[in-house]
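*Asks:* Need the 3D shape of this:
(chains A, B and C)
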Amino acid sequence: MRGQEARDQAERKAAMATLAQSSGDDIVRLWNEAGLPSQAELLRGPETGLVTLRGRIGGGGAPFNVGEATVTRATVRLPSGQVGHCYALGRDKQKAKLAAIADALWQDPARRAEVEIRLIAPLRSALATAHEKRRAETAATKVDFFTMVRGED
Amino acid sequence: MDIAAQSIEGGFADPVFNAQTVFRAIMDAMARPGSVQPLPALARPPSPLSGTAGAVALALCDNDTPLWLDPALHASAAIVSWLGFHTGAPLANTAADAHFAFVAAPAEMMALDGFSQGTQDYPDRSTTLILQVGDLTSGAPLLLEGPGIETSAKIAPAQMPRHFIEQWKQNMKRFPRGVDIILATADGIACLPRTTRIKTMEA
Amino acid sequence: MYVAVKGGEAAIANAHGLLADRRRGDRSVPALRLDQIVEQLALGVDRVMSEGSLYDRELAALAIVQARGDMIEAIFLVRAYRTTLPRFGYSEPIDTGTMLVERRVSATYKDLPGGQLLGPTFDYTHRLLDPELAAGADVAEPLQRETEAQAMPRVSAILAREGLIEPDGEMPGDHVPGDITREPLEFPMARDIRLQALSRGDEGFLLALGYSTQRGYARNHPFVGEIRIGEVELELDVPELPFAAPLGTVRVTECQMVNQFKGSAKAPPQFTRGYGLVFGQSERKAMAMALCDRALRASELGEDIVAAAQDEEFVISHSDNVQATGFVEHLKLPHYVDFQAELDLVRRMRAEYEARENPAKAEEKREAAE
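*Replies:* Now for the predicted structure:
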């Protein structure tokens, strides 16, 4: 049971990460295509605020504050009772609200598969494609060293 | 209702305007010590945190203001998570680290000098205490004088801390350091800023 | 006598109207859109985000347009905007080791794991102005190379294996990172606070100071151990979730400067490090930050403080261009009363001077006046 709970949390977090990284336009488009319900009671937000971004000294040492980033958050409750949250970089309030509803729907066992398949999976695949393209473009700029002359020893 | 549900219910219905209403009431009450500023029930926190004290928390507290809760409030996980969800404020490690302290049972509270008194350079860093009192008329009468009071003002808050008048004298002696107090009843607030003197009422 | 005056309201309103007109310029030229600035002036946007200390591309682009391209004014606008927002909290520290790398070079190791990735760099360009760009020619899609994803450990991990480099900067266990947006600056300051100030510091100022260390003012013999640019994931711990909330990704530039150090009473001979971490693609700034960070560690490492770049109060007090421009630019605002007082003072001093230097003439003047 405990293992199942941990897996559920990891999957929920992964879904939230996908939503946070995706653009509001993509989420709206897939939402409409999937015909997902968007009625929900807003318990908080959507509201924009700041998160102070922390780094580590030397990359892996003690934390320090680098600067702030805009973040928009929302908390909603579905008519069926599930409460969903969203925190995402930027100031897109509609995205935050839909992502919070998606998180709430995801917690409804009857809805989870639909949200995963119709919304999260296409978003995740688009992100992976973009990610892979960026990596391949960067890889093309990798320096291949050739040995011209080898010294005496 | 489970704790998770309780902790997200009962915030401001209209965050901007509700916060402004509460802030205005606190500002007026601080500017005119002893005056009672009515406050509608804008927040519904889990009991025993009162609606008025909860509204003060939502208006004043945020991620940068560590909170201290008295044992009656601290014992409630629902209150701790309600404040966490709606204000983002962390709990202070000790009373002396708190920017705001919420007290449901003032008659049993620790001494005022246990809270942050601020420093000579930054007297604003002292703790602001929010005391939940039953009313402002049935307790021992306090005759108030000082800035913001034309001649004198009188309130009689119920269930005040023990030896309050003596403690308040000590608080005044620390000026410019010292705590400020917001008294919250079910339907309004009154304030005792550190500049207010309490004249002892001889029987 | 002191005479209080007021006025200029209409002049100010008209000046702002004129500013709006000049900002828009020739109406037959299409107005700039924010997405054009975000896409095509991306490094300017990154500079405004880094020194404005607010990660939001669109707001930085808006600030650049509103400021007519005046970067310090744009940074000022962003700083002002961020004060209007509530703060949700402090993120979990980012892990640059898991970055989606877009550029990564090391000047110390040719064959470091993951390799040298030049990315979109100005290095090795000929710095010749390109007339084709002026003509708006089409740009080809970049080449792609299929490779297995490779882990890219930070270079510090490689040197650490030999035991010749100091560890990542640690603080005492119970240390809470300081925050200059909440607490006033106090000197001397801990390294974490200094790094926050440097990360939002003026690029030009830090660049000049970094350059000064190379020219012998606080020489510390630097090598670029590694520069990496790319996106890292950001997370925030919130009470309502049982895990840290994922927020999305931000692009940052990290510079590990490695410095030879001959040792002192406080530390053995080894390589020491300066660290730079900046929003966006801001390589020059990250390098300058790392050079200044290292120079400012002089007293920690037992070095003599002999140069400006090592003087913490000097560097940190003057690195913020919003503060600097505020104090310099306020000089142009009316100082009529101050100046009257000065004028009076100088007249009196001059009269005394003349009386001292040339008593006869001063006497004549006095008599003539009578």
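*Asks:* Whichever residue of chain B sits closest to chain A - how many residues pack around it?
*Replies:* Among the residues of chain B, B:Ile8 lies nearest to chain A; the distance is 5.1 Å by C-beta to the nearest C-beta. Using the backbone N, CA and C atoms, a C-beta is placed for each residue, glycine as well. Neighbour count for B:Ile8, taken as other C-beta atoms under 10 Å in any protein chain shown: 20.
*Asks:* ok, it - contacts?
*Replies:* A:43-44, A:75, A:77, A:83, B:82, B:85, C:240 (C-beta atoms under 8 Å, 6 or more residues apart in numbering or on different chains).
*Asks:* any low-confidence regions in chain A?
*Replies:* A:1, A:152-153 (pLDDT under 70).
*Asks:* Please, where are all the strands along it?
*Replies:* A:41-56, A:63-77, A:83-89 (DSSP state E).
*Asks:* if we can go back for a sec, let me know the closest of the contacts of B:Ile8 to C:Gln340.
*Replies:* A:Arg44 (56.2 Å; C-beta to C-beta).
*Asks:* Could you measure from the closest one over to B:Ala156?
*Replies:* 38 Å (C-beta to C-beta, to the nearest Å).
*Asks:* Quick check: B:Gly134 is in a helix.
*Replies:* No. The assignment for B:Gly134, made by DSSP: H, G, I helix; E, B strand; the rest coil, is coil rather than a helix.
*Asks:* residue contacts, the closest residue to it other than its chain neighbours?
*Replies:* Closest residue in space to B:Gly134, ignoring its immediate chain neighbours: B:Ala158 at 4.2 Å, by C-beta to C-beta, 6 or more residues apart in numbering or on different chains. Neighbouring residues of B:Ala158 by C-beta under 8 Å, 6+ apart: B:133-139.
*Asks:* Quick one, which of those are buried?
*Replies:* With burial judged by 16 or more other C-beta atoms under 10 Å in any protein chain shown, the buried subset of the contacts of B:Ala158 is B:133, B:135-136, B:139.
*Asks:* from those, which single one is nearest chain C?
*Replies:* B:Val133 (28.7 Å).
*Asks:* Tell me how many other residues crowd the closest residue to that closest one other than its chain neighbours.
*Replies:* Sequence neighbours aside, B:Pro157 is the residue nearest to B:Val133 in space, at 4.5 Å (criterion: C-beta to C-beta, 6+ apart). By the measure other C-beta under 10 Å, the count of residues near B:Pro157 is 23.
*Asks:* Tell me how far B:Pro157 lies from C:Glu141.
*Replies:* 74 Å.
*Asks:* residues in chain A within reach of chain B, list them.
*Replies:* By the rule C-beta under 8 Å from any C-beta of the partner chain, the part of chain A lying against chain B is A:43-44, A:47, A:75, A:77, A:83.
*Asks:* Counting neighbours, which of those comes out on top?
*Replies:* A:Thr75 (26 neighbours).
*Asks:* Can you name the residues bridging to it?
*Replies:* When bridges are called by DSSP bridges, A:Thr75 pairs up with A:Arg44, A:His85.
*Asks:* Would you double-check that B:Trp68 falls in a strand?
*Replies:* Yes. Judged by three-state DSSP, B:Trp68 forms part of a strand.
*Asks:* Close to chain C: what parts of chain B are there?
*Replies:* Checking chain B against chain C by C-beta under 8 Å from any C-beta, the hits are B:4, B:7-8, B:62-64, B:81, B:84-85, B:88.
*Asks:* one more time with 10 Å
*Replies:* By C-beta under 10 Å from any C-beta of the partner chain, the part of chain B that sits against chain C consists of B:4, B:7-8, B:15, B:62-64, B:80-90, B:121-122.
*Asks:* how about B:Ala95, what does it touch?
*Replies:* B:68-70, B:101, B:109-116, B:127, B:129 (C-beta atoms under 10 Å, 6 or more residues apart in numbering or on different chains).
*Asks:* whoops, C:Pro172 was the one
*Replies:* Counted by C-beta under 10 Å, 6+ apart, C:Pro172 has contacts A:62, C:190.
*Asks:* What separation do you get for it and A:Leu19?
*Replies:* With C-beta to C-beta as the criterion, C:Pro172 and A:Leu19 are 38 Å apart.
*Asks:* Tell me the confidence at C:Met152?
*Replies:* C:Met152 carries a pLDDT value of 87.
*Asks:* That one touches C:Gly230, doesn't it?
*Replies:* Yes. Using C-beta atoms under 10 Å, C:Met152 makes contact with C:Gly230 at a distance of 9.3 Å.
*Asks:* higher neighbour count, the two?
*Replies:* Legend: neighbour count by other C-beta under 10 Å for C:Met152 and C:Gly230, higher for C:Gly230 (24 against 20).
*Asks:* Helix or strand: which one has that one?
*Replies:* strand C:222-236 (DSSP states H and E).
*Asks:* now that strand against strand A:83-89, angle please.
*Replies:* 160 degrees (axes from the mean of the first three to the mean of the last three C-alpha atoms, to 10 degrees).
*Asks:* And strand C:222-236, how far out from the chain middle?
*Replies:* 16 Å (C-alpha atoms, centre = their mean, to the nearest Å).
*Asks:* so, in contact with chain A or not, that strand?
*Replies:* Yes. Contact of strand C:222-236 with chain A (C-beta under 10 Å from any C-beta) involves C:226, C:228-236.
*Asks:* Show me which of those is closest to A:Gly90.
*Replies:* After measuring the residues of strand C:222-236 next to chain A against A:Gly90 - C-beta to C-beta - the closest member comes out as C:Leu234, at 11.5 Å.
*Asks:* I would like the residues contacting the helix or strand where C:Arg23 lies, please.
*Replies:* Secondary structure from DSSP H and E places C:Arg23 in helix C:9-24. If you take C-beta under 10 Å, 6+ apart as the criterion, helix C:9-24 is touched by C:8, C:27, C:31-32, C:65-69.
*Asks:* Put the alpha carbons of that helix into PDB.
*Replies:* What follows is helix C:9-24 as a C-alpha-only set of coordinates in PDB (Å, rounded to 0.1, in the frame of the first residue of the first chain):
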ATOM      1  CA  GLU C   9       2.600  69.800 -13.600                       C
ATOM      2  CA  ALA C  10       1.600  70.600 -17.100                       C
ATOM      3  CA  ALA C  11       5.200  70.500 -18.300                       C
ATOM      4  CA  ILE C  12       5.700  67.000 -16.800                       C
ATOM      5  CA  ALA C  13       2.500  65.700 -18.300                       C
ATOM      6  CA  ASN C  14       3.500  67.100 -21.700                       C
ATOM      7  CA  ALA C  15       7.000  65.700 -21.400                       C
ATOM      8  CA  HIS C  16       5.600  62.300 -20.700                       C
ATOM      9  CA  GLY C  17       3.300  62.600 -23.800                       C
ATOM     10  CA  LEU C  18       6.300  63.600 -25.800                       C
ATOM     11  CA  LEU C  19       8.200  60.600 -24.400                       C
ATOM     12  CA  ALA C  20       5.400  58.300 -25.600                       C
ATOM     13  CA  ASP C  21       5.500  59.800 -29.000                       C
ATOM     14  CA  ARG C  22       9.300  59.600 -29.400                       C
ATOM     15  CA  ARG C  23       9.300  56.000 -28.000                       C
ATOM     16  CA  ARG C  24       6.900  55.000 -30.800                       C
END
